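Enquirer: The amino acid sequence is not available; the structure is as follows:
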């Protein structure tokens, strides 16, 4: 008799548990809706980088507002969830409160925080936050445009420099990581993180220097649109004898006149071609940064022809590190 | 001829051939097999630029603020994929002033001043990224001007867009105030207005 009763009560108990779980389910589906690296979640945190926002489906109330429904509700703190990188490049915290009012019954309020005690480090290429060129190795980036070396022509977003190197090998065979050290200005003057180049030995080749952007505090920067982002200086360069009077380096970027559109644009378009047009990466569009300084190269066109000159057209391609 | 003389003669002829080859290489340019077969020095003269008909070109003379005109460059690049969204045509005439010295360990150096003129629709005002704008657009000699950082200004006048790059911020402004038309009969004096941009609907 007792065994029969027990067998009957088990499914009833399971049903009650399931019903309870259903009734107490979170009203907001923030965890499911905000994916790591999602730029929207980054922008949702507001410009302070430490803002309080309310999940869209959580009754639109905050305990700190004058919302009468929320204020009159009886709320219980029921937990805290943390989603690593849930704000694109900082962690997303979700505080959960279970509340009750006579009018609404029981409901959840979820509070979302993108926790970062530092400034975000937005992409800011007017010279204040982000230098539009790389700087000479060993410099303090303080010499102004005279210290500029190569124009930044591609920004990779949604990962760090190791992701850039990995995909550069997958799409376009830039599989090597050699090259001289330069610096980048990203809310401070920092050494590059790495290189990606297409030839070993590094003679005539494609090459870029990579810096995962940092903020004023030296932490990874988070742009409200792009999330974590990388500044890169792709160029195509020849291994060729220098010309007296021009310089003494063996590498020279393709001259714009001899080989339109020149080595800077050639490399940028190679990346757009291999990563996006004929590849799986998400395209973020072009921005015009106006970084069109002429760079005199070490190679020449013969003593009667002068030196090689190269420059970019000022466009910067934005390419996601994620596949479509 | 004994063996010793023959060896000396062969070595001498070899050295002579190397010397002659080096001179030809130095005068005519690279022959390393990596540059394209069509590569030939493209050196524009002031007269070439003066005769240019495709669009108006502006410069600041054969020297400016002590910087001599170093090079005139002509870019005539149609873009790689006509009709595609990644197609980026690039047509310009640019004037490079002064010279620079490549620092030890570096491969290039920044030229002090350059002025590049492109058709308006290749760099219309609306494609300049907001993040790079230094202040709102202003009017300089009737043209619309937008500064970007401390070393770059973009001007729009008539049917062209003019880029001014300089390693010295003051030089950017000075160049803008002294632009004159090279291939036309208007705005040949810095005292004349450049005029506003035409009303152009870019595709």
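Expert: Yep, it's here. Predicted model, so just to flag it, every value in this text is computed and none were measured.
Enquirer: what about residue B:91, neighbour count?
Expert: For residue B:91, the count of nearby residues is 17 (other CB atoms under 10 Å in any protein chain shown). For glycine as for every other residue, the C-beta is placed from the backbone atoms N, C-alpha and C.
Enquirer: what residues does the helix or strand containing it touch?
Expert: Using DSSP states H and E, the element containing residue B:91 is strand B:90-97. Under the criterion CB atoms under 8 Å, 6 or more residues apart in numbering or on different chains, residues A:260-261, A:265, A:294, A:309, A:313, B:44, B:49, B:52, B:54-55, B:57, B:59-60, B:63-64, B:67-77, B:79, B:111-119, B:122, B:163 lie in contact with strand B:90-97.
Enquirer: could you redo the last one with a cut-off of 7 Å?
Expert: Applying CB atoms under 7 Å, 6 or more residues apart in numbering or on different chains, the external contacts of strand B:90-97 come out as A:261, A:294, A:309, A:313, B:49, B:52, B:57, B:59, B:64, B:67-77, B:111-119, B:122.
Enquirer: Could you list which of these belong to strands?
Expert: A:309, B:59, B:64, B:67-77, B:113-119 (DSSP state E).
Enquirer: So residue B:71 sits against residue A:305, correct?
Expert: No: here residue B:71 does not reach residue A:305: they are 10.1 Å apart, not a contact under CB atoms under 7 Å.
Enquirer: mind listing the helices for chain B?
Expert: Secondary structure of chain B (DSSP state H): helices at B:3-28, B:46-51, B:169-178.
Enquirer: Quick one: mean pLDDT for the first one?
Expert: Confidence over helix B:3-28, taken as the mean pLDDT, stands at 61.
Enquirer: Same check on the shortest one?
Expert: Along helix B:46-51, the predicted local confidence has a mean pLDDT of 94.
Enquirer: Let me know the pLDDT of residue A:294.
Expert: Here, the pLDDT recorded for residue A:294 equals 95.
Enquirer: Now the residue nearest to it when sequence neighbours are not counted: phi and psi?
Expert: Of all residues not flanking residue A:294 in the chain, residue B:111 sits nearest, at 4.2 Å (CB to CB, 6 or more residues apart in numbering or on different chains). Main-chain dihedrals, residue B:111, degrees, to the nearest 10: phi -70, psi 140.
Enquirer: What is the burial count for residue B:111?
Expert: Other residues close to residue B:111 by other CB under 10 Å number 23.
Enquirer: contacting residues around it?
Expert: By CB under 7 Å, 6+ apart, the neighbours of residue B:111 are A:293-294, A:296, B:96, B:98, B:100.
Enquirer: Kindly recompute the last result at 10 Å.
Expert: A:293-296, A:309, A:311, B:67, B:70-71, B:96-100, B:165-167 (CB atoms under 10 Å, 6 or more residues apart in numbering or on different chains).
Enquirer: show me what contacts the nearest residue to residue B:102 once chain neighbours are set aside?
Expert: Leaving aside its chain neighbours, residue B:102 sits nearest to residue A:247 (4.1 Å; criterion: CB to CB, 6+ apart). When contacts are counted by CB under 10 Å, 6+ apart, residue A:247 touches A:296-300, A:307-308, B:100-103, B:106-109.
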